[in-house]
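[1] Sequence and computational prediction follow.
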Protein chains: 2
Amino acid sequence: MLHSAVLMPKPTFFNLSEKKRQKITDLAISEFASADYDNASISNIVKQAKIAKGSFYQYFEDKKDLYLYLVDSASVQRIDFIEAARKAEKSKQKRDFFRELRWRFGISIQFSLHHPQLTQIINRAAYSDSPVKKEVFQRLQAAYKKPIHDLVERGIANGDLRADLDPDLATFMILTTADNLRYFIPEKLEIDTEALTESAEIVLDMQGVERIFDGLIQVLERGMGSTTA
Amino acid sequence: MLHSAVLMPKPTFFNLSEKKRQKITDLAISEFASADYDNASISNIVKQAKIAKGSFYQYFEDKKDLYLYLVDSASVQRIDFIEAARKAEKSKQKRDFFRELRWRFGISIQFSLHHPQLTQIINRAAYSDSPVKKEVFQRLQAAYKKPIHDLVERGIANGDLRADLDPDLATFMILTTADNLRYFIPEKLEIDTEALTESAEIVLDMQGVERIFDGLIQVLERGMGSTTA
DNA sequence: CTAGAGTGTGACCGACAAGTCACATGCTGC
DNA sequence: GCAGCATGTGACTTGTCGGTCACACTCTAG
């Protein structure tokens, strides 16, 4: 995803002062987080950013260019966030498959609480229509899927998971469930969905979330775990 | 969902000859199946149907009106399809929870193969942006969720499912997994996704599908099933 | 034959979008 | 001070949309 793509905008964009560039980026994120590709409006972004339409097109080739930049950048930030969290961990002890999985669920939630708009962009990218939907979907899908798939393979290899488990199927179930937790958690904990996508500061009933994770991991562990363990 | 809503269009629409009404409906379905709410174009529908723009607005209040009609009608057709399949069954013997679940997975696939456009509309309705997204999402969600939730409750009551299982969580996992099978199956069986949403006649590797169901049900059964059974 | 309700029509309107371009401004090296 | 390049500008073009409306047609009741 990242390697070749990360800086799609024109060089002029990166010549801008940090402040101006950040302002434009922030407003663009906000726009694409609150509306899907078609409804997000360049006109609106430039109005808010108080720059001329023409200037915008000095920075970006076109709407797609900006969009891909935002999706990539959101995706990279997510990966960095997870990396950072992993490095920040004290205990070096390895977790077994399901403890590791649980940890990842937790981190995902953390990211979406800290960066609701980036999360929104990523979520939209995968499902809402856009001229580049297919490509973006596959990129994101691969980026999300690979780590889990690897984890599953390792889990099978080291006996945490049943040997006869289909790794593709297991990966699918885990990813799908994790991804849709964003609908289930607010519903179960009776939280206003609107608020989650806007404010950066949400107090979540962490105990409630933990309980959901417990239930989830329990089902997955019984369902996929090796019986000898 | 159905009760009050099913016939949103104006009476004039139902005064139309069966043929004309069907033509308009079919073209509208096709339009809203191939584009999301915003990109679906009334202008395009009337052009294809060879009726005047003004005529369209004699039949429907506005774009939302048509859209809600289509979503409702797709939803009703899905329910009818399942009902019909159930009635067509010879054996009256009751299935246990997981056999019942498996049967429902199968029927869902059948419906999406027989009515790819209706399926597309329903899928879009739940996730893509529209002025009535929230309402539609909740309606559909409820319509899908309730039957499964009931099934789960019964499963727990009769001992097919663990007594300590959270019914909401179980329902969520089942629904989410079932819903996303539409991504997994084509990927796993290496089928062109495009084709699935267009043609009505697709030959699916049913053995492959059965194998996926087997794996899925196995995980769910071990994960949620009562250990005594 | 005619009055008038119901139906059909498509040019038209206002809104808004993405993207362009001729021109203005600022900035640097000479 | 000035040539010339990079950057900034916003009115403008082109396109599409949802929705309207003054008018035409049709068909039935009297």
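    Ah, there it is. Keep in mind that this is a model prediction, so the values were computed, not measured.
[2] In chain A, mark out all the helices, start to finish.
    With helices called from DSSP state H, chain A shows them at A:2-5, A:11-15, A:18-34, A:42-49, A:53-59, A:63-88, A:97-114, A:116-127, A:133-157, A:167-188, A:193-198, A:206-224.
[3] could you dump those to TSV with mean neighbour count, mean pLDDT and distance to residue B:85?
    (Glycine included, C-beta is placed from N, CA and C.) Formatted as TSV, the entries for the helices of chain A read as follows, by neighbours: other CB atoms under 10 Å in any protein chain shown; pLDDT from 0 to 100; distance: least, CB to CB, whole Å:
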stretch	mean neighbour count	mean pLDDT	distance to residue B:85
helix A:2-5	10	46	46
helix A:11-15	12	91	56
helix A:18-34	17	96	41
helix A:42-49	16	98	48
helix A:53-59	15	97	54
helix A:63-88	17	96	41
helix A:97-114	18	96	36
helix A:116-127	21	95	29
helix A:133-157	16	94	32
helix A:167-188	19	96	25
helix A:193-198	14	64	34
helix A:206-224	18	97	28
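[4] As a markdown table, those helices with distance to residue B:156 would be great.
    Supplementary listing: these in a markdown table, determined by distance: least, CB to CB, whole Å:
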| stretch | distance to residue B:156 |
| --- | --- |
| helix A:2-5 | 46 |
| helix A:11-15 | 57 |
| helix A:18-34 | 40 |
| helix A:42-49 | 50 |
| helix A:53-59 | 57 |
| helix A:63-88 | 36 |
| helix A:97-114 | 23 |
| helix A:116-127 | 32 |
| helix A:133-157 | 29 |
| helix A:167-188 | 17 |
| helix A:193-198 | 28 |
| helix A:206-224 | 13 |
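[5] can you put these in TSV and add distance to DNA strand C?
    Written out in TSV, the entries for the helices of chain A read as follows (distance: least, CB to the nearest atom of the strand, whole Å):
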stretch	distance to DNA strand C
helix A:2-5	18
helix A:11-15	11
helix A:18-34	9
helix A:42-49	4
helix A:53-59	3
helix A:63-88	4
helix A:97-114	26
helix A:116-127	15
helix A:133-157	16
helix A:167-188	26
helix A:193-198	20
helix A:206-224	37
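[6] so which of these gets nearest DNA strand D?
    Between DNA strand D and the helices of chain A, the shortest separation by CB to the nearest atom of the strand is 1.7 Å, and it involves helix A:53-59.
[7] what's the distance between stretch A:43-52 and the middle of its chain?
    Mean-position distance between stretch A:43-52 and its chain equals 27 Å (CA atoms, centre = their mean, to the nearest Å).
[8] Tell me who's in contact with the residue nearest to residue A:223 when sequence neighbours are not counted.
    Counting by CB to CB, 6 or more residues apart in numbering or on different chains, the nearest residue to residue A:223 once its immediate chain neighbours are dropped is residue B:223, at 2.9 Å. With contacts defined as CB atoms under 8 Å, 6 or more residues apart in numbering or on different chains, residue B:223 is in contact with A:218-224.
[9] what's the distance between residue B:223 and residue A:154?
    Residue B:223 sits at a distance of 20 Å from residue A:154 (criterion: CB to CB, to the nearest Å).
[10] How about residue A:46?
    With distances taken as CB to CB, residue A:46 is found 48 Å from residue A:154.
[11] Taking chain A, what residue is nearest to chain B?
    Nearest to chain B in chain A, going by CB to the nearest CB, is residue A:223, at a distance of 2.9 Å.
[12] on that earlier part again, closest to residue A:36 among the contacts of residue B:223?
    Checking the contacts of residue B:223 against residue A:36 by CB to CB gives residue A:220 as the nearest, at 32.0 Å.
[13] residues in contact with that closest one?
    In this structure, residue A:220 makes contact with A:98, A:101, A:173-174, A:177, B:219, B:223, judged by CB under 8 Å, 6+ apart.
[14] Give me the nearest residue to residue A:175, chain neighbours excluded.
    residue A:148 (5.7 Å).
[15] Get me the contact residues on chain A for DNA strand D.
    Applying CB under 7 Å from any atom of the strand, one finds that chain A approaches DNA strand D through A:11-12, A:15-16, A:51-55, A:57-58.
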